[in-house]
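J.: any chance you could fold what I've pasted below:
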Amino acid sequence: MPSPAQFRSHQSVRDSPRTAVLHLSGSREGFAEARDFTHRTLDGWSLEHCADDALTVVTELAANAVLHALPDPPEEAGDVRLRLSLRRSHLVCAVTDPSDALPVYPHAGDPLLEHGRGLHMIEALSEHWGWTRRSPVGKTVWAMLPTRTHA
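T.: Just a heads-up that it's a prediction; the model follows:
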């Protein structure tokens, strides 16, 4: 089975065979690269059955980081990182950004709101999700997706 590392560009890092990291830009190309990186990494880990949910979660996490944590316009080399980690029975999708602002989980009952649905989707697709403060600044927002198929 090929290692996900052989698919990575110069902007990605292999921490271990079970962890893959990609530095994201704040552009549309960056979102496409994050989705492509996720898809290829999951293929390398034989997790194709998790791809749809993982791609949705990664897209939402990356979009939230770029839209709410980077300056406007975003810097080309903004400090936003996507980390995919394979654990025993979970895939952890995590995005780290330089903002101390906590994720906002909207409680409004309007299902037609244009913004604010991302964390609801992440919650629906993951077994667990949350955020962790980074030192000295920033945060990581993460989601744990099950990797076992239900027979």
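J.: pLDDT weak spots in the protein?
T.: Across the chain, the ranges flagged by pLDDT under 70 are 1-16, 69-78, 105-116, 150-151.
J.: ranges for the helices of it?
T.: Using DSSP state H, the helices of the chain run over 28-44, 51-69, 118-125.
J.: okay, the ones you listed in TSV with mean neighbour count next?
T.: Any C-beta I mention is one placed from the backbone N, CA and C, and that applies to glycine too. Listed next are the helices of the chain as TSV, based on neighbours: other Cβ atoms under 10 Å:
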stretch	mean neighbour count
helix 28-44	18
helix 51-69	20
helix 118-125	17
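J.: so which of those helices comes closest to residue 132?
T.: helix 51-69 (13.1 Å; Cβ to Cβ).
J.: before we move on, back to that, how about the helices of the chain, which one is nearest residue 96?
T.: Each of these has some distance to residue 96 by Cβ to Cβ; the shortest is helix 51-69, at 7.8 Å.
J.: output the helices of the chain as CSV; include the columns distance to residue 99.
T.: As requested, the helices of the chain are arranged in CSV below (distance: least, Cβ to Cβ, whole Å):
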stretch, distance to residue 99
helix 28-44, 17
helix 51-69, 4
helix 118-125, 15
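J.: out of those, which comes closest to residue 142?
T.: Per Cβ to Cβ, nearest to residue 142 of those: helix 51-69, 8.0 Å.
J.: contact partners for residue 118?
T.: By Cβ atoms under 8 Å, 6 or more residues apart in numbering, residue 118 lies in contact with 60, 61, 63, 64.
J.: same thing but at 7 Å, please
T.: By Cβ atoms under 7 Å, 6 or more residues apart in numbering, residue 118 lies in contact with 60, 63, 64.
J.: thinking again about what came up before, residue 145: which of the helices of the chain is closest?
T.: helix 51-69 (5.6 Å).
J.: what's the angle from that closest one to helix 118-125?
T.: In terms of direction (axes from the mean of the first three to the mean of the last three Cα atoms, to 10 degrees), helix 51-69 departs from helix 118-125 by 150 degrees.
J.: can you give me the strands in the chain?
T.: Along the chain, the stretches classed as strands by DSSP state E are 12-16, 19-24, 80-86, 90-97, 128-133, 139-146.
J.: for stretch 80-100, buried residues please.
T.: Buried residues in stretch 80-100, counted by 16 or more other Cβ atoms under 10 Å: 80-86, 90-99.
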